[in-house]
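J.: Give me a model of this one.
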Amino acid sequence: MRQLYSFYTDAFWIAIKSILEHKLRAFLTLIGIIIGVAAVIVVSASIAGLKTYVIGQVSKVLGSNHFMITRLAQVGGTSGEEYERLNRVNKDVIWDEYEYVRDNCRLCTYVGAQMNAGADLQEGSIEMPSVRMIGVTDNMYEIEDKTLEEGRFFSKEEVSRAAAVAVIGTDVRERLFEFTSPIGKQIKIRGVPVTIIGMEQTRGSFFGQSQDRHIYIPITLHDRIFNRTGGLQIHGKTVIDENFKPSIEEAEMLLRNKRQLSASEDSTFSVVNVDEFNSTMDKVTGAIAAVVLPITAIILVVGGIVVMNIMLVSVTERTFEVGLRKALGATRSQILLQFLIESALLCIVGGLLGILLSFGATAGVGAALGLTMTITAFYVVISIVVSSGIGILAGLYPAWKAARLDPIVALQKV
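T.: Residues are numbered from 1 along each chain as shown. Sure thing, here's the model as predicted:
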């Protein structure tokens with residue numbers, strides 16, 4: 001046992017000595033492994049960061065335990081043909097249907113409604129085109145977990161009488177009221193003057209598209225200004241987590257009953273919720289990882305080929321050393337292990353340097369893209385294991401070649 005321990009210790013230090021004797025060659029050999037490991041970790045962190053970013057932005061907009069029923073929604077995973085079919089058969093959600101779901105959904109803490117339109121704004125000489133006009137019920141404040149920076153949201157009473165009040169996004173404030181508070185000021189929406197009573201907290205952008213270029217007005221006022229009778233979205237929310245999925249099922253059943261759909265008929269509307277979006281993102285990022293990570297891992301294979309080449313050179317350079325060790329009693333298996341330890345050690349060092357590089361690269365990419373990059377322990381461990389495995393495989397043939405050297409012939413090559 002002590003002899004075995006002594007052999008491995010000696011083999012390890014011989015490998016270290018061999019690597020240190022050719023520092024530049026060893027470093028150039030490891031560049032492929034270093035870059036490969038760093039690339040795998042950075043790509044995996046980028047995919048995780050993308051998922052976190054998208055889900056975070058969606059949750060910021062929709063809030064928690066929130067679902068939506070609308071005529072048509074494409075959350076991902078829907079083929080073009082399926083989308084076209086839904087576009088043909090689905091029908092607008094109307095006000096009467098919203099009231100039916102609102103009055104009968106027992107598991108829903110809140111049920112609200114929303115209508116969307118667009119309009120150009122002008123304040124004096126300042127123009128702001130294509131502002132999203134969102135007509136909502138008063139409880140959308142709770143449903144979407146909205147946070148106001150100034151002022152207040154409109155009340156149920158103001159919705160019922162179609163009060164001319166509005167809550168604006170920060171883009172509207174910065175464009176039209178840059179140096180003053182917007183609260184109490186008036187703006188005109190298609191010629192109708194409305195008073196600003198609140199400003200929503202900044203949401204930021206989503207894939208380069210601002211989430212703050214909007215104005216909330218009472219849904220009843222929205223209907224009068226834009227003259228729309230259909231195209232509602234029903235929004236529901238539960239406070240109790242356990243009731244979330246049952247509340248969705250209940251709301252869906254209520255709308256199916258209202259539309260008198262039989263059990264064999266498909267729903268003529270779409271249901272969207274944050275959980276479904278999270279599940280879709282898992283599939284999307286999983287598909288990206290399945291395609292991108294193997295391509296990135298090819299760099300590791302190339303690095304392994306370079307290691308194999310250098311180990312063959314090392315065997316050629318150390319032919320006399322191998323012959324001498326075999327003449328002194330070293331077995332083939334010991335020579336084999338000696339070179340395998342050296343090649344594995346090379347790749348392990350490369351893997352560790354690659355991990356260090358990945359931390360710096362991840363921080364830089366995250367800062368540049370504004371993403372929260374997440375390095376997972378799984379990919380770090382996998383990188384070390386894979387780089388070690390590549391080192392062993394890359395060193396297998398050179399080690400086997402060294403182990404088969406004839407000591408008499410090897411000693412003659414001085």
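
J.: Can you show me the helices along the stretch 1-150 of the chain?
T.: Here the stretch 1-150 of the chain has its helices, by DSSP state H, counting those that start in this stretch, at 2-21, 23-62, 80-89, 95-104, 140-143.

J.: Can you pull out the low-pLDDT segments for the stretch 1-150 of the chain?
T.: Within the stretch 1-150 of the chain, the stretches with pLDDT under 70 are 1-8, 10-12, 14-15, 54-63, 74-80.

J.: repeat that with 80
T.: Along the stretch 1-150 of the chain, the parts satisfying pLDDT under 80 run over 1-30, 32-33, 47-64, 73-83, 124.

J.: Equivalent analysis for the stretch 151-300 of the chain, please.
T.: For the stretch 151-300 of the chain, the ranges with pLDDT under 80 are 204-210, 227-230, 273-300.

J.: Quick check: residue 383 touching residue 39?
T.: No. The pair residue 383 and residue 39 fails to qualify as a contact (Cβ atoms under 8 Å) at a distance of 9.8 Å. All C-beta atoms are positioned from the backbone trio N, CA, C, and that covers glycine.

J.: before we move on, the earlier item: minimum distance to residue 296: which of the helices of the stretch 1-150 of the chain has it?
T.: Among these, the nearest to residue 296 by Cβ to Cβ is helix 23-62 (4.7 Å).

J.: Quick one: list the elements packing against that closest one.
T.: Secondary-structure packing of helix 23-62 (3 or more Cβ pairs under 8 Å, 6 or more residues apart in numbering; DSSP states H and E): strand 205-206, helix 274-317, helix 332-369, helix 377-403.

J.: Just give me how far the second one sits from the chain centre.
T.: So that's helix 274-317. For helix 274-317, the separation from the chain centroid amounts to 19 Å (computed by Cα atoms, centre = their mean, to the nearest Å).

J.: between it and helix 332-369, how big is the angle?
T.: 140 degrees (axes from the mean of the first three to the mean of the last three Cα atoms, to 10 degrees).

J.: Which strands or helices does helix 274-317 pack on?
T.: helix 23-62, helix 332-369, helix 377-403.

J.: isn't residue 148 right next to residue 196, touching?
T.: No. Residue 148 lies out of contact with residue 196 (Cβ under 8 Å); the separation is 11.6 Å.

J.: Need the overlap of contacts for the two.
T.: residue 167 (Cβ atoms under 8 Å, 6 or more residues apart in numbering).

J.: thinking again about what came up before, comparing the helices of the stretch 1-150 of the chain, which comes out most buried?
T.: helix 140-143 (a mean of 22; mean count of other Cβ atoms under 10 Å).

J.: okay, it in PDB with CA atoms only?
T.: What follows is helix 140-143, C-alpha atoms only, in PDB (Å, rounded to 0.1, in the frame of the first residue of the first chain):
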ATOM      1  CA  MET A 140     -55.600  45.800 -12.200                       C
ATOM      2  CA  TYR A 141     -53.400  47.700  -9.800                       C
ATOM      3  CA  GLU A 142     -53.600  44.600  -7.400                       C
ATOM      4  CA  ILE A 143     -53.700  42.000 -10.200                       C
END
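
J.: Show me the contact partners of it.
T.: 63, 66, 110, 112, 114, 146, 153, 216, 235-237.

J.: can you list these in a markdown table and add distance to residue 175?
T.: Output for the contacts of helix 140-143, formatted as a markdown table (distance: Cβ to Cβ, whole Å):
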| residue | distance to residue 175 |
| --- | --- |
| 63 | 26 |
| 66 | 29 |
| 110 | 31 |
| 112 | 28 |
| 114 | 23 |
| 146 | 21 |
| 153 | 21 |
| 216 | 16 |
| 235 | 28 |
| 236 | 33 |
| 237 | 31 |
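
J.: out of the residues you listed, which one sits closest to residue 364?
T.: When these are compared against residue 364 (criterion: Cβ to Cβ), the nearest one is residue 63, at 32.8 Å.

J.: For the helices and strands packed on helix 274-317, give me a markdown table that also has distance to residue 169.
T.: Shown next, in a markdown table, are these (distance: least, Cβ to Cβ, whole Å):
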| stretch | distance to residue 169 |
| --- | --- |
| helix 23-62 | 12 |
| helix 332-369 | 23 |
| helix 377-403 | 38 |
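
J.: separation between residue 366 and residue 372?
T.: 7 Å (Cβ to Cβ, to the nearest Å).

J.: Would you confirm that residue 30 contacts residue 353?
T.: Yes. Counting by Cβ under 8 Å, residue 30 touches residue 353, with 6.8 Å between them.

J.: can you tell which of the helices of the stretch 1-150 of the chain is closest to residue 285?
T.: Closest among these, using Cβ to Cβ: helix 23-62, at 4.7 Å.

J.: SS state for residue 262?
T.: Assigned with DSSP: H, G, I helix; E, B strand; the rest coil, residue 262 falls in the coil class.

J.: Compute the number of surrounding residues for it.
T.: Neighbour count for residue 262, taken as other Cβ atoms under 10 Å: 6.

J.: can you tell me how far it sits from residue 82?
T.: Residue 262 sits 21 Å away from residue 82, going by Cβ to Cβ.

J.: do residue 158 as well
T.: Distance of residue 158 to residue 82, computed by Cβ to Cβ: 41 Å.

J.: Next, show the common contact partners of residue 366 and residue 372.
T.: Joint contacts of residue 366 and residue 372 (Cβ under 8 Å, 6+ apart) are residue 49.

J.: quick revisit: so which of the helices and strands packed on helix 274-317 is nearest residue 13?
T.: Among the helices and strands packed on helix 274-317, the nearest to residue 13 by Cβ to Cβ is helix 332-369 (10.2 Å).

J.: For the closest one, which residues meet the burial criterion?
T.: Buried residues in helix 332-369, counted by 16 or more other Cβ atoms under 10 Å: 335-355, 357-359, 361-362, 365-366.

J.: Ok, stretch 291-307 next?
T.: Across stretch 291-307, burial judged by 16+ other Cβ under 10 Å covers 292-293, 296-297, 299-300, 303-304, 306-307.
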